[in-house]
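Peer 1: A structural model of the following input is requested.
(2 chains)
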Amino acid sequence: MSGPRRHQASERLAQRGANRSAFGAFGTVRLACLIALFALVLAACGGEDPTAGGGASQPAVGSEGPQSAATGGGDLEGDPIRVGVSLPLTGDFSEPGKGIQNGYDTWATMVNEAGGLLDRPVEMVYRDDGSDPNRVISDYEQLITSEEVDMVLGPFSSRLVLAAADVAERNDMLFIEPAGAAPEIFEQGFENLFYAAPAVADTHYDYLFEYIMALPEGERPQTVAYAVLDDPFAQGTANGLKVQLEEAGFETVADEVYPPEQTDFAAIAARVADTDADLFVGGTQFEDSVGLIRAFQELGYQPRMAAFSTGPTLPQFSEAVGGASEGILSPVGYSAQADLPGNAEFVAKYQEMFDGEPGEDPANGYTAGQILAAAIEAVGCADATPECQQQLIDHIRGAEIETIVGTLSWDEAGRPQGAHMIQQWLDGRIEIVLPDTEVKTADLVYPKPEW
Amino acid sequence: MPSPSLLLQGLALGILTGGVYALLAAGLTLYFGVMRVVQIAHPAFLFLGAYLTYFLFTVVGVDPLLSIVVTVPLFFVLGMAIQRYLISRLRSDSLTMMSVLLTFALALLIEGSLGVVASGSFRSITVDYATRSFQLGTVRLPNDRLIGFAVATVTLLVLFAILRYSRYGQALRATIQHPEAARLLGIDTDRISAVGFGLGLATAAVGGAVLALITTFFPAAHWGWIARLMAIIVVGGLGSVSGAALAAVMLGVIEALVLVTLDATWAALVFYAFLFLTLVFRPHGFFGGRLAGRF
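Peer 2: Residues are numbered from 1 along each chain as shown, chains lettered A, B, ... in the order given. A predicted model of the protein is given here:
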């Protein structure tokens, strides 16, 4: 019975209390400002997410292996060749970072089992940069100056590669990197840098462009829509195709750019769907490709051809889009099935050490190791002196090196001179559809089935 | 200039998304309203909820919407425990500031644990009914957004009813308005606070299920939501559930309209622009009025 009365009284008391300063106007303003300040600080901290990465790699290869693989070579004589690497083993890029590490470890193990380099075992020295470009700088400084490693190899993602390459350059160290494809990296005037993959971002779609141009005029897509993540790598891939298509007279009907923190793709998709473009090109990583495709499905937009930078290159893609992957195209730099020298051995060793088939990240890590090994064996030195490092750099500059992603050579800025293949999801599997050579595993399907 | 049909489409998407924002921000309003606690970890709990939903779906086969039968009670108890054993230990004169640090640590703990258990891979739930849409003239209403909006509406109505009409709600409001007076009148304010925190976290369980249905997620995904949700509760007037809901829908609509007329980079600014304008011109928020004076 006394309940309601009690509450009325409390409300009256509370009304008076509310006028006091503790919860009064001034307190509110201060609290609101405080919250706003924290919100902004956190927004700045949280600005990086896995989608913000660059490189020929993806945020989430589902491979999980031992943190540091045994690199064998215990029975080898001689001082080890110590190879220093900083990788994002924690934080936003930790998945691809581990992928690269697995590739490096596979390489070191295989080298040591085959007798080492110059009769010396290879020893990997890892630092964890926590996906932070500032830490990657101090990591490489320390690896070179206090750890005194003999060689360095690169980290993951265009953003971290950019920071790390500068340190290597200042210390006259050779810098082979497995995951920095953004055009900016090759415009800094680095003289020691080489990218260990077939091609840089803006040439990834070259084969697709050739395919489109080879279609009879009436069958070609007429209008093109782009939706691109604001990231050097993603923009590089999509813009590379856009420049070529626009020069050839294709009409760009939508050109959307979204920030890395974008999680809602419905409205962006609505703009693209409103144009009903024949060809859709997504400069995507992973979750944005999934978000866009789902939104397109909901909006009933059916392009005749659809290409996404990364995302479709990951095995979990098909499941993530609920089977709507059929006919989707992507540039890809590595295929575990490719009949290239050494690839079968790499895949076998990788599967022995880790779970599953190697994706692009481990393959690129392994490729970086292959290039380093080829140079060391050709030149006959493996130490951190500027003389030895310069000899290695000069050798790679003029060399053609056989790797598991094909035979690689580089221009003055370290751009590899190859081309990416084009893959397509067909019957729930990834098939290589371009170029039309022995690497091809299926014919390109165009127009694509509805999603 | 975008076509009228595109504008309508943007408006519809904005309203539906705004409803989801309201659900996601509801807990924050409650913690702040009840205890002056700034819960930085709320988005982390949202994604913890999303992961639980994901694993219930992939391992046990429970529909994402049914999974809240399990996650809501779990989060409610968890919320009570966090208030009872962690938050209540903070000194009351520095509670707001210290709660930021405490819940920041909770957010890091959750993110790290999710990383260990679920790895950094992107996850998503795809159910057949969620990728279709409902057509209304030229406008298409995606099913997943419709479901999210409906769940948000029901949850917020239930929450509002509890706060407005139940005995507990009256005691809670008394506690908010003047804890000492409430105690004098025999209200067990510690218990009321714990239940308030539990309710807040229970909304995170529902929000997590909705997030799992409409978006892809990974352990660090919560950082991107903290600032947006904080902006919503400031614009809505700190501590007001209905104010936050109105602010959420308003910001959702403006964001979507900017998206379809300008671009995504400008749309990302909407929340911060309104946060800024609110602090300059109406620090009490546009909808809330007196701090915590009403719901």
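Peer 1: run the chain-centre distance for stretch A:385-393.
Peer 2: 29 Å (C-alpha atoms, centre = their mean, to the nearest Å).
Peer 1: just checking, A:Ala227 touches A:Val253?
Peer 2: No: contact criterion C-beta atoms under 8 Å: A:Ala227 and A:Val253 do not qualify, at 11.9 Å. (C-beta placed from N, C-alpha, C; glycine too.)
Peer 1: those two: which is more packed in?
Peer 2: Remark: of A:Ala227 and A:Val253, A:Ala227 carries more neighbours, 27 against 18, as counted by other C-beta atoms under 10 Å in any protein chain shown.
Peer 1: tell me who's in contact with the more buried one.
Peer 2: By C-beta atoms under 8 Å, 6 or more residues apart in numbering or on different chains, the contact list for A:Ala227 reads A:254, A:256-258, A:268-269, A:272, A:280-284, A:292.
Peer 1: try 6 Å
Peer 2: A:Ala227 is in contact with A:Glu256, A:Ile268, A:Val272, A:Gly282, counting by C-beta atoms under 6 Å, 6 or more residues apart in numbering or on different chains.
Peer 1: where does chain B have low pLDDT?
Peer 2: Of all residues in chain B, those with pLDDT under 70 make up the ranges B:1, B:287-295.
Peer 1: and chain A, by the same measure?
Peer 2: A:1-76, A:91-92.
Peer 1: residues of the stretch 151-295 of chain B that sit close to chain A?
Peer 2: Within the stretch 151-295 of chain B, the positions near chain A by C-beta under 6 Å from any C-beta of the partner chain are B:170, B:174, B:177-178, B:181-182, B:185, B:215-216, B:220, B:223-224, B:226-227, B:230, B:234, B:256, B:259-260, B:264-265, B:268, B:275, B:279, B:283-284, B:291.
Peer 1: in helices only, show me the residues you listed.
Peer 2: Among these, the members falling in helices (DSSP state H) are B:170, B:174, B:177, B:181-182, B:223-224, B:226-227, B:230, B:234, B:256, B:259-260, B:264-265, B:268, B:275, B:279.
Peer 1: which among these count as buried?
Peer 2: Neighbour-count burial (16 or more other C-beta atoms under 10 Å in any protein chain shown) applied to these gives B:170, B:174, B:177, B:181-182, B:223-224, B:226-227, B:230, B:234, B:256, B:259-260, B:264, B:268, B:275, B:279.
Peer 1: A:Thr403 contacts A:Gly369, correct?
Peer 2: No: the pair A:Thr403 and A:Gly369 fails to qualify as a contact (C-beta atoms under 6 Å) at a distance of 9.4 Å.
Peer 1: tell me where chain B has strands.
Peer 2: B:133-136, B:139-142 (DSSP state E).
Peer 1: using CSV, list the CA coordinates for the last one.
Peer 2: What that stands for is strand B:139-142. The C-alpha coordinates for strand B:139-142 follow below in CSV (Å, rounded to 0.1, in the frame of the first residue of the first chain):
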residue,chain,number,x,y,z
VAL,B,139,11.3,1.1,-53.1
ARG,B,140,12.8,-2.2,-52.0
LEU,B,141,12.8,-2.9,-48.2
PRO,B,142,15.5,-5.5,-47.5
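Peer 1: next, A:Gln423: secondary structure please.
Peer 2: Of the three states, A:Gln423 takes strand according to DSSP: H, G, I helix; E, B strand; the rest coil.
Peer 1: which ones are touching it?
Peer 2: If a contact means C-beta under 6 Å, 6+ apart, then A:Gln423 has A:Ser330, A:Val332, A:Ile430, A:Ile432 as its contacts.
Peer 1: any idea how far A:Gln142 is from the residue lying closest to B:Ala26 once chain neighbours are set aside?
Peer 2: Spatial nearest neighbour of B:Ala26, excluding adjacent residues (C-beta to C-beta, 6 or more residues apart in numbering or on different chains): B:Thr203 at 4.7 Å. Counting by C-beta to C-beta, to the nearest Å, the gap from B:Thr203 to A:Gln142 is 46 Å.
Peer 1: kindly report the same for A:Ile81.
Peer 2: Counting by C-beta to C-beta, the gap from A:Ile81 to A:Gln142 is 18 Å.
Peer 1: neighbour-wise, which of those two wins?
Peer 2: The neighbour comparison of A:Ile81 against A:Gln142 (other C-beta under 10 Å) goes to A:Ile81, with 24 against 16.
Peer 1: the more buried one pairs with what?
Peer 2: A:Val122 (DSSP bridges).
Peer 1: chain B: helices as residue ranges?
Peer 2: B:4-35, B:42-55, B:68-85, B:95-118, B:143-165, B:167-177, B:179-184, B:189-214, B:223-235, B:241-261, B:264-281.
Peer 1: next, the angle helix B:42-55 makes with the first one.
Peer 2: This means helix B:4-35. 110 degrees (axes from the mean of the first three to the mean of the last three C-alpha atoms, to 10 degrees).
Peer 1: quick one: is stretch A:346-357 near chain B?
Peer 2: No: with C-beta under 6 Å from any C-beta as the measure, stretch A:346-357 is seen stopping short of chain B, the closest distance being 11.6 Å.
Peer 1: dump that stretch to CSV, restricted to CA.
Peer 2: In CSV, the C-alpha atoms belonging to stretch A:346-357 read as follows (Å, rounded to 0.1, in the frame of the first residue of the first chain):
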residue,chain,number,x,y,z
PHE,A,346,55.7,-25.8,-51.4
VAL,A,347,52.0,-26.8,-51.1
ALA,A,348,52.9,-30.2,-49.8
LYS,A,349,55.3,-28.8,-47.1
TYR,A,350,52.8,-26.1,-46.2
GLN,A,351,50.1,-28.6,-45.7
GLU,A,352,52.4,-30.7,-43.6
MET,A,353,53.2,-27.7,-41.3
PHE,A,354,49.8,-26.0,-41.3
ASP,A,355,46.2,-26.7,-42.0
GLY,A,356,44.7,-26.3,-45.5
GLU,A,357,45.9,-25.0,-48.8
